[in-house]
Every structure is written in C-alpha cells, then in structure tokens.
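> just a sequence and a predicted model for now, questions to come.
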Amino acid sequence: MSVWQSIYEELNDPDFVIISAAQDTGGEAVAGPIFDAAKASYVQIVDVNHAISSAFNFVNVPSAAWVDEAGNIVRIDEGTYAKTHPFGGTDAYAPALKDWVRNGAASVYVQAADEVTDNIRRRTPEQEKAEAAFRLGNFFREKGYAEKAEHYWLMARTLHPDSINFFRQDLTLSEEGSAGESFMKFRTEFAEAGKDYYRPLDLD
Amino acid sequence: MAPAIMAHPDLRTPFEKTGLGPERGATVLARDKAVGVKRILQEPGLWVLPEDLTRINGFTLKPEGACLGELCIPLQQGSDLLKTVDDQQWINVSAFADLMEQAWVVDDDARVWSFGEMPATRQSMFANAQAPEFEIQDRQGNVVRMSDFKGKKALIITWSSW
C-alpha cells in the first residue's frame, strides 16, 4: 500500500478526497500497475496529456494543490513527497495535510488567498504555447508519427525550458531514460542558475 | 542521489500509424479532448461551424456574441472572426483564440490544431485562488471535474512513473 493510500485510510473522512493524476504519456500501461500496487481507492487519473499540471501551472512531479470545500486553493505547487526525499519534501508534509483535513480553515497550514495566488506559477505567452505544443506532440505520438511527435515535444521544451515535466517525459523515449546523465546535467544547471527544482516548502 | 530510473523500453517504439482525423476537415485538441471537425473553410485560420465552436471550447454563438456562462465576447459579423458564406455562419476559432490570448499551435500538413488554456476561464484562479475547472476521465472511464468535489476537501496530486 502506498503512503498516500495509508493516509487516506487513516483519515477515513467521507468529505476528503485524493485526486491522483499520473502525468504519463505512456498511459495505463505504465501508470496503471503503480496505482494497482498502491491499492489506491481514491480517484485515479492517467493523465497522458499532463492536463492537470497544465490546469494548475505545475512544472514538476510530484506537485499538489489543496482545495477546500468551497473550491478555494489553500496550498499549491509544493514538492509533494509524503516523506523526506533527496529531491525535496519533508516528513512534515503528511502531518500538515492531516491537520488540514481534520481542522479545515483553522489549520495553521491553510494559506490566505493572496499567499496562494503569489505561489501560483505564471506562464509567459511562450510557455502557454508550449502547453499546446506538448499536447500536439502527444497526439502525433499516439498516432504513430514519431518524427512529428519529437518536433512538437522539442518545441514545447524550447518554449518552456523550465518545465521539468516536458523535459523528463521526453527523456523517457531516450536510451538513457528520464533519470540518466541528461537529467542529472539538467538538474545541476537548474540549481546553478538559482532555480528551484521545487518551490520551497513552507510549513512553519 | 537517488538511483537512476530506467526508461520504459517498450515505449521507445512508436505506436502503429493510424489515421489522423477527418480527410477534409480538421482535428482540434482542446480541453484534453480531440475533436474531429468535418467541415472547415479552406481559408487561413480555423473556420468552423457554430456547433463545432461549442464542441471545441464550450462557447456558444449567440446574438450578443460568443458566450460561455456569464462571459460573452461580442463578435462583429463580416470580420476576421465571424462571417456568412452561402447563408451559413462560420466562426474563426484561431482568431477567437488570439482575441482571448489563448495560445495555439497548428500542424498544417495534418490539419491538427492544438489549443492551450484559455486565460479568461482561469482569471479566478489568479485573482482569488479559485481552483481551475478541468474535465478528464479517470481509470474507470468516469468523467472527473474539479467542480464535482464542491463540499469536500481535495488533495490534487500529480506524479509519474518516470
């Protein structure tokens, strides 16, 4: 069972849902077995077009938004690891989530609307175009037109070079994979440029 | 440093080639859907019938303009947005997208248009932290919308196999 599933069962709250979206152009074939192994009973989405990342302006995985009963985002765009992870995330995240589910607006982890809006990434017109290009590339890939797919995925990466999702998803088609030498070089250069691989967690 | 994750070797091989869409029309990618449009005007831009406008972006053509909920965008007849040819009204979806500052990319050879998010439908997220609406199928084939979860707390989490 996954950490998220155990948290979901521990909370056992009919008014709390987890909507888990695999950002995977490989589709059910690659994401499905992971959901099954997690014995997930929450909402499971295989998001081949990265539509959820696009909607919430995420650029990396895992990322999350907390949405309250009225549809207000109360936290957004954090490296959402349930436990401390070398790439980001701390052991404090899961307890903070539980505190919010149990205490709602009274939770100290709820952020005000202006803080949330400050934390939503803005996309430039070029980055907006990158979203459309990635979707187009994925369409061609699904139809078997590899050259066109690569053309538009490269366009997406060029228009939005800070999208870790676009970069690593593209690398899954390479021999070295998504966590090989190219990724390590990308991550190093990202850090050297002063960019956050994840937006820093603020759980104080 | 975390150990490297291997790519999925079976995914490196492209899928078998299949048809790209209507022979004379266009395929439009928008809102996580692929919409086949059978009739388009053979002119620059993506000119579609009013009913296809709705299928593509949810807007409905009304006397006051193109409308989505309470949002109505006036369109001038005979402009680069709206015109009548042989008593049939046509609307230029790509010009409408430009007007709405919605990004798009087209593959002219295959007549496939891909539209990004429409800023006008997401203003409440940036202004008031309202969660954006989305519509996507879950693994069981059910349509999932953000608005389905009003009245509940929701953790929306993205992850990947890679």
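It's in.
> going by C-alpha atoms from here, please, whenever you check contacts or count neighbours.
Will do.
> residues contacting B:Q89?
B:L49, B:P50, B:L82, B:K83 (C-alpha atoms under 8 Å, 6 or more residues apart in numbering or on different chains).
> actually B:P74, not the one I typed
Neighbouring residues of B:P74 by C-alpha under 8 Å, 6+ apart: B:E64, B:G65, B:A66.
> dump these to CSV, plus distance to chain A.
Formatted as CSV, these follow (distance: C-alpha to the nearest C-alpha, whole Å):
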residue, distance to chain A
B:E64, 28
B:G65, 25
B:A66, 22
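> show me those that map onto strands.
Using DSSP state E, B:G65, B:A66 are the members of the contacts of B:P74 that sit in strands.
> what about the closest residue to A:N57 other than its chain neighbours, is that helix, strand or coil?
Setting aside the residues directly before and after it, A:N57 is nearest to A:R121 in space (C-alpha to C-alpha, 6 or more residues apart in numbering or on different chains), at 5.8 Å. Put simply, A:R121 is coil when judged by DSSP: H, G, I helix; E, B strand; the rest coil.
> local confidence estimate at A:R121?
Looking at A:R121, its pLDDT is 95.
> helices of chain B, start to end?
B:50-57, B:93-99, B:123-128 (DSSP state H).
> tell me which of those lies nearest to A:Q23.
Smallest distance to A:Q23 across the helices of chain B (C-alpha to C-alpha): 21.5 Å, for helix B:123-128.
> with only the CA atoms kept, save the closest one in PDB.
Provided in PDB are the C-alpha atoms of helix B:123-128 (Å, rounded to 0.1, in the frame of the first residue of the first chain):
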ATOM      1  CA  GLN B 123      -8.900  34.500 -14.100                       C
ATOM      2  CA  SER B 124     -10.500  33.500 -10.800                       C
ATOM      3  CA  MET B 125      -7.500  31.200 -10.000                       C
ATOM      4  CA  PHE B 126      -5.000  34.000 -10.300                       C
ATOM      5  CA  ALA B 127      -7.200  36.700  -8.700                       C
ATOM      6  CA  ASN B 128      -9.000  34.700  -5.900                       C
END
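> flag every buried residue along it.
Across helix B:123-128, burial judged by 16 or more other C-alpha atoms under 10 Å in any protein chain shown covers B:M125, B:F126.
> outside of it, which residues touch it?
The contact list for helix B:123-128, computed with C-alpha under 8 Å, 6+ apart, reads A:N72, A:A113, A:D114, A:T117, A:I120, B:Q130, B:A131, B:P132.
> show me which of these is closest to B:F59.
Nearest to B:F59 among these, with distances taken as C-alpha to C-alpha, is B:P132, at 17.1 Å.
> pLDDT score for the closest one?
We note a pLDDT of 97 for B:P132 in this prediction.
> burial measure for it, as a count.
Neighbour count of B:P132, defined by other C-alpha atoms under 10 Å in any protein chain shown: 20.
> now swap in B:E43 and tell me
Using other C-alpha under 10 Å, B:E43 is surrounded by 8 other residues.
> check A:G194 too.
A:G194: 8 neighbours (other C-alpha under 10 Å).
> go on, the one 3 residues further on?
By the other C-alpha under 10 Å criterion, the neighbourhood of A:Y197 contains 19 residues.
> so it sits in a strand?
No: secondary structure of A:Y197 (three-state DSSP): coil, not part of a strand.
> do you have the strands of chain B handy? List them.
Under DSSP E, chain B gives strands at B:26-30, B:33-37, B:47-48, B:60-62, B:65-68, B:71-73, B:82-85, B:88-92, B:104-107, B:112-115, B:135-137, B:143-145, B:153-159.
> so which of those strands is the most surrounded?
strand B:112-115 (a mean of 25; mean count of other C-alpha atoms under 10 Å in any protein chain shown).
> that one: partners in the sheet, and parallel or antiparallel?
Strand B:112-115 sits in its sheet next to strand B:26-30 (parallel), strand B:104-107 (antiparallel), going by DSSP bridges.
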